[in-house]
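In: structure of the sequence below:
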Amino acid sequence: MSNRPNFFKMLCLDPGETRQAVILKHIEAKKLECNRVRSDAPQAKIREANSFRIYEEEMKRVLSDETLRKQEAEERRKQIKAEEKIFDGMIKMLKSRGSYTKQDVKSIASKVPDVEERDVEERIKRAGIREADPSDIEKPKAEPARPKTSGAEAAGIENDLMGLQLESLYDFLGNGTSKKSSQELLKTVYETKKAELGKMVRGDDKHKVWSALLGHVKTHLHDPGNKERYDNYLDDRELKTIDSFIKLRAGKSKMLTEEALNDIVREAHLPNVTADRTLRYIKEWVGRTKGWTLVVSSGFSLADLLTCGYCGTLAKNAGQTKCHDCGKSLRIPCPNRGCRAEVATESECCPHCGCTTGDAPYVDELVRQAKRHLSSHDDVALREAEVIGAKILEIWPDYQVALDIIGDAKRTRRERVAAEHERRKREQECVDRLDRLVAARLLFEADRYAQQLKVDGLSIGLSTLQQIARGLIASKKARQQAADLIAEGKDQEAVQKLHESIAISEDFDEAKIAVAKLEQVIARKTAAEQDRQKKERNDRKRLDELVAARRLFGAERLAAQLTAEGIQVGQSIIHQITSGLDAARKSHQRAASLLSDGRIDEAVDKFCESIALCDDFDEVRIALEKIPPVAPHGLQVECVASHNRITWEVPKKRSDTQYVVTRSEGTPAKNKADGEALAKVSGTSFDDATADEGRVYYYAVYAVRGTVRSTDVATSKAVLRPGRVTGLTATAIDGEACVVWKLPHGSYEAAVTRNPGNVVKTIAGNEFSESNLTIGETYSYSVVPLYDHPDTGEAGAVRGTKRTVDVIVASKPDPVKDFVAEIDGECINIRWAPPAVGRVEIRISTQPPKFHEGDVISASEAKTIGGRLTTVGADKAKAKIPNTRQAYVVPITVEGSTAIVGKCAHVIDVPEVTNLRSHRKAPGRIDLTWDWPKGIDEVRVSTVRVIDNKKLSTNDVMRGAYERNGNAYSLTYAKTQVYLIVVQSKASGDSAYSKGVSVTESLGEETRIRYRVVSKKKTWYSKYNSRIELAWDRAITTTLNDLVIIGRPDRLPTNITDGETIAEFNEVILKGTRHDLPIPEGSGFVDKLYLKLFLRHPTHYPDIRLVPGSREQLILI
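Out: Presented below is the predicted three-dimensional model:
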């Protein structure tokens, strides 16, 4: 609002007025008044009328908006307050003088706008000031002429300014410009105003006023001389107010004291006029006015009273630092960073460096505008902030605030660019996701997502929205068509429509639920129809089965049921049922007649004939149950080669009678329910092939007709089926024979016969031996099991089947020695030391043998160990490794009929894991890592507690699980002890495991291995065997790789590279509590050598610490 008049002042309206009707009425009245101004009216009136026309629309907008109207009213109140302040100052001047004149009243009224003379005089009187005598009044003297803008020029400027109700050309330029502004700033603002003029409509009122004022600016402010004259004019105009204050304060005495000067300067309240300038004017005025005297000391000055360079208000006291009116500082640091002196804001420039500090109000306004632009975060506003910052730097080069503004604008722009890039990226991601949803036919989700994107302000392609909308319409339409089809009972067609709807939009949940329910309904209907059809088929099948099984009464009932259910039954079936029932009833009637005549056999035949015609003729069955069949007799049992044959006799064979054979063990059957039913036969014999040897059985047979059994049963005596011995083997070594067998069940002794010699022995047990036989002879041994008689109990009365074994008496063979079997590719290389007695057989099996080294067995038992290797040399052989990649190779020495078992060799071809390492992860937890060999997908991990060699756990680990765990296998231990962890590879497709590799883990319990050098002198009778002796406290089992001995002749080595390598050990296996490392011969090439032991890779052994002995204990002499 600084560049336009106050609208309440233009309308002469009270700022407290809020009624819109009253405000509009004043506007219309003012408009009417301006419209009546003629073209030949005074220029000031014309400019005033033009000013109203320029601001009419803006005036209506501002005064109709409540917020803007309040701001306008507040600004007018501030103006009124400033005018009142001047008025009060003049009243104080009169009060200090004690009287007033009519001329004083006119003077005050001219200085205070919108106040009538009568109001001024009434106010003076209320202040208690009397009117002076006319005789005391002196005529004012004419002021001397001062160099200033001519009256005509000044009047033209004033008339043009009046059109905008402005006070000076500086007010027109605005932006904080004033008399102390630099030429560069004035020209800059001029160019800005000129650019704004170029945007106006040429010829309208505002354009005319601005054009005239810009011409005055160019004429009177661009030229330094003209500017000085215009500034003098403004000073003269503003300082003329002092004339009244001087006259009012001095009165008739026409004498001004220091106190009076202070009062005048403080009460005059001249804006933008310094105290020093006011004092100088007063002195000049007194000097050129006749009769006036100035009484002040020679050093009197008011320079300490600073004037605010922003609002022009004079400070109230000398020590004041901030303006009491606008609150801004009265002194500012020089914007020149090389100066930084404190400069009064009333000054035009810095007295030290000449920096134009008088431009501070304009710069402050630019800074405020720039900060406002910065706060908007709009790209155009940020660029405008940069432009403003550049403008500031043109005025104040190297001004830090301007540099900060430019830097903040650029940084914010970069951030906005990054944010915009991120926004566009996110927008593209959102659009891509929407496209994916549409491509996946998830239209409902796509629609929801599109609505969310619209809410978020993201733009979506019209084609995509149309595609979603068309798809949803088509999907819903298909769903509605399905609903109509369901209502018409066309379920299958409705399902097709629902699937069509889902095919259009995969996420149409309503259609999915509907099709699921409908398919369930269809499935239930289909199932019900299938069940009905199945039941009908089953019933028809059952009817056929009943007819085929001659269960005609049941068939008749079922046929009636089917007919009642609406199922048609064939006439041929009905005829079969009816004719069969008629014939069965006829036979039944005939049987009843015969039975009444006592002709029982004939009656039974007719009853059976009736049953044959109708199997479910219950009345006939009841009659037959009263006539049981005749029991068999003469039961005989014969034991033949592979079974017991049972035979019996019957008085008369009948087709309707069958015979049940039962068997009981140990005790005879007492009734038909005892014993195990073996068979139901129609003949008179049965072979029992399930009878075991050596067991006593009792057999029984009874007749059965249908469900009716004979009242009697035929039984047998006790039957024993003798057996033979098993596992019969014989060995004969050094004239002594040994025969071994296993007795069958029920036998407790055997009869042994040896030929030649026909030696017979009865042996209670499973073994017979004799000596003094001739070496080289062949002997035959027959073994017969003996049984007690089953009826009499006589021991050995029953003999079993004889078995015979031949044996050659020979010298005892020697077992195979130095037997070695090794895998070489796909073969097993076998070698041995040939025995002195016997020939060597090699047996190979995939299972461990049941015999042990040194066992003497028969030649026939050797065949059970495994397959015989056919090609065998005197001391070596070669065999192919089995597919299981492991084998048990057993050497056997055979002499005659006897063999002796050698030491078994277990060979296995399963590759081991490599690079086995233990990594401690947490207390009680470790991770094992290793490299898997090719073709191995499973290993077995075992944990052994070293202190007592107890196996604690065994776990099988698959390669897939190992890799999913981050290429590691985790183990957890409850106690901190030393553990030996063994990893064995498992052969693919078999249960064979490798020997395994191991690592020792102490879980932080460090093993300290102490070592010292033990030197032994070389003599003619002993070898040079100096060594390094290692010892530790507790028993461990571990392997150290790349152990190195380093030596120096002058001192102890400090690291593995500090000396000469004396010896290097690729693998050292530590067991128990001590170990010796040999020092190679020739190491003592000097008188003495200092040795130390190092690990080439110490990080591989975090729980091993090598502790050297003292200096003297590490010398090799």
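In: beyond the helix or strand of the chain with the lowest mean pLDDT, next helix or strand please.
Out: Least confident element among the helices and strands of the chain, by mean pLDDT, DSSP states H and E: strand 293-295 (a mean of 63). Using DSSP states H and E, the next helix or strand after strand 293-295 towards the C-terminus is strand 331-333.
In: show me what the mean pLDDT comes to for stretch 358-366.
Out: Averaging pLDDT along stretch 358-366 gives 80.
In: buried ones in stretch 9-29, by neighbour count?
Out: Buried residues in stretch 9-29, defined by neighbour count with 16 or more other Cβ atoms under 10 Å: 9-11, 13, 15, 23, 26-27. The way it works is simple: take the backbone N, C-alpha and C, and place the C-beta from them, glycine included.
In: also stretch 938-958?
Out: 938-944, 946, 957.
In: of these, closest to residue 1059?
Out: residue 946 (34.0 Å; Cβ to Cβ).
In: so who does residue 616 touch?
Out: Neighbouring residues of residue 616 by Cβ atoms under 8 Å, 6 or more residues apart in numbering: 550-554.
In: tally of neighbours for residue 1072?
Out: By other Cβ atoms under 10 Å, the residues close to residue 1072 number 11.
In: ok, now residue 503?
Out: 14.
In: check which helix or strand it maps to.
Out: Assigned by DSSP H and E, residue 503 falls in helix 491-504.
In: packing partners of whichever helix or strand comes after that helix?
Out: Going down the chain from helix 491-504, the next helix or strand is helix 509-548, by DSSP H and E. Counting contacts by 3 or more Cβ pairs under 8 Å, 6 or more residues apart in numbering; DSSP states H and E, helix 509-548 packs against helix 462-487, helix 491-504, helix 552-564, helix 571-596.
In: any buried residues in the last one, and which?
Out: Neighbour-count burial for helix 571-596, counted by 16+ other Cβ under 10 Å, picks out 573, 576-577, 580-581, 583-585, 587-588, 590-592, 594-595.
In: with the first one instead?
Out: Neighbour-count burial for helix 462-487, with 16+ other Cβ under 10 Å as criterion, is recorded at 464-465, 467-468, 471-472, 474-476, 478-479, 481-482, 485-486.
In: burial check on residue 517, number of neighbours?
Out: 12.
In: wait, is residue 659 part of a strand?
Out: Yes - when DSSP: H, G, I helix; E, B strand; the rest coil is applied, residue 659 is found to be in a strand.
In: how many neighbours does it have?
Out: 23.
In: mind listing what it touches?
Out: By Cβ under 8 Å, 6+ apart, the neighbours of residue 659 are 632, 648, 650, 680-684, 701-704.
In: do residue 273 as well
Out: 235, 238-239, 307, 312, 314.
In: again, 10 Å this time
Out: 179, 234-235, 238-239, 241-242, 265, 281, 307, 312, 314, 346 (Cβ atoms under 10 Å, 6 or more residues apart in numbering).
In: in strands only, show me these.
Out: Per DSSP state E, strands hold no members of those.
In: quick one: which of these sit in helices?
Out: 234-235, 238-239, 241-242, 265, 281 (DSSP state H).
In: which among those gets closest to residue 528?
Out: Distances from residue 528 to the ones in helices among the contacts of residue 273, taken by Cβ to Cβ, are shortest for residue 234, at 110.5 Å.
In: which residue packs closest to the closest one, ignoring adjacent ones?
Out: Among residues not flanking residue 234 along the chain, residue 168 sits closest, at 5.9 Å (Cβ to Cβ, 6 or more residues apart in numbering).
In: which residues touch that neighbour?
Out: Residue 168 touches 157-158, 161, 177-179, 230-231, 233-234, 237-238, 272, counting by Cβ under 10 Å, 6+ apart.
In: please apply the same query to residue 996.
Out: 910, 912-913, 916, 939-942, 981-985.
In: helices along the stretch 101-250 of the chain, start to end?
Out: 102-111, 117-126, 151-163, 169-173, 183-198, 205-220, 224-250 (DSSP state H, counting those that start in this stretch).
In: which stretch in those is the model least sure about?
Out: helix 102-111 (a mean of 70).
In: so what does the helix holding residue 503 touch, helix or strand wise?
Out: Counting contacts by 3 or more Cβ pairs under 10 Å, 6 or more residues apart in numbering; DSSP states H and E, helix 491-504 packs against helix 462-487, helix 509-548.
In: possible to save those as a markdown table with mean pLDDT and distance to residue 884?
Out: Shown next, in a markdown table, are the helices and strands packed on helix 491-504 (pLDDT from 0 to 100; distance: least, Cβ to Cβ, whole Å):
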| stretch | mean pLDDT | distance to residue 884 |
| --- | --- | --- |
| helix 462-487 | 88 | 63 |
| helix 509-548 | 88 | 52 |
